[in-house]
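> Take a look and give me a structure for this.
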Amino acid sequence: MSEVTDHPHLSRYEIRVDGELAGFLQYRRLPDHLDLVHTEIGSRFEGRGLAARLVAAVLDDVRAGGGRIVASCPYVAAHLKKHPDQADLVA
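Residues are numbered from 1 along each chain as shown. You can find the predicted model right below:
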């Protein structure tokens, strides 16, 4: 089971699998948007779709808070191309 949580003091969202850190999405919080900078999944956890789950959870959280994003991370940008229904979040 995976869980995604925001860690503002680290400027990143983390995804954990059975309590173990599997990856993160680093961000920069700016006044009018969240710049999603870098997504990383540990090599032991690759190939499980965790990066997609992480990005989807982050976008859901941003949407719930009424926020906007910039996709500096290539993975996030590719995710948005595959999911055009999320494009309205882009600042």
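> who's in contact with stretch 35-42?
Residues outside stretch 35-42 that contact it (Cβ atoms under 8 Å, 6 or more residues apart in numbering): 15, 21-29, 50-51, 54-55, 58, 69-73, 75-76. For glycine as for every other residue, the C-beta is placed from the backbone atoms N, C-alpha and C.
> So which of those belong to strands?
In strands, defined here by DSSP state E, the members of the contacts of stretch 35-42 are 15, 21-29, 69-71.
> Any chance of the residues you listed in TSV with distance to S2, pLDDT and neighbour count as columns?
Below are the ones in strands among the contacts of stretch 35-42 laid out as TSV (distance: Cβ to Cβ, whole Å; pLDDT from 0 to 100; neighbours: other Cβ atoms under 10 Å):
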residue	distance to S2	pLDDT	neighbour count
I15	6	98	24
L21	11	98	11
A22	7	98	24
G23	10	98	23
F24	13	98	21
L25	13	98	26
Q26	18	98	16
Y27	19	98	25
R28	24	98	12
R29	24	95	10
I69	21	97	21
V70	25	97	19
A71	22	97	23
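> got a list of what I15 touches?
I15 makes contact with S2, E3, V4, L21, A22, G23, F24, I41, L50, R53, L54, A57, according to Cβ under 8 Å, 6+ apart.
> so which of the residues you listed would you say is closest to D85?
Comparing those against D85 with Cβ to Cβ picks out A57 as the nearest, at 15.5 Å.
> re earlier: out of the ones in strands among the contacts of stretch 35-42, who's nearest R63?
Distance from R63 was checked for each of the ones in strands among the contacts of stretch 35-42 by Cβ to Cβ. The minimum falls on I69, at 9.5 Å.
> any idea how far L34 is from the closest one?
With distances taken as Cβ to Cβ, to the nearest Å, I69 is found 5 Å from L34.
> any shared contact partners between the two?
Joint contacts of I69 and L34 (Cβ under 8 Å, 6+ apart) are V62.
> And the residue nearest the centre of this protein?
V55 (3.4 Å; Cα atoms, centre = their mean).
> give me every residue that touches the closest residue to that residue other than its chain neighbours.
If you skip the residues right next to it in sequence, V55 has H79 as its closest partner in space, 4.8 Å away by Cβ to Cβ, 6 or more residues apart in numbering. Applying Cβ under 8 Å, 6+ apart, we find H79 in contact with A52, V55, A56, Q86.
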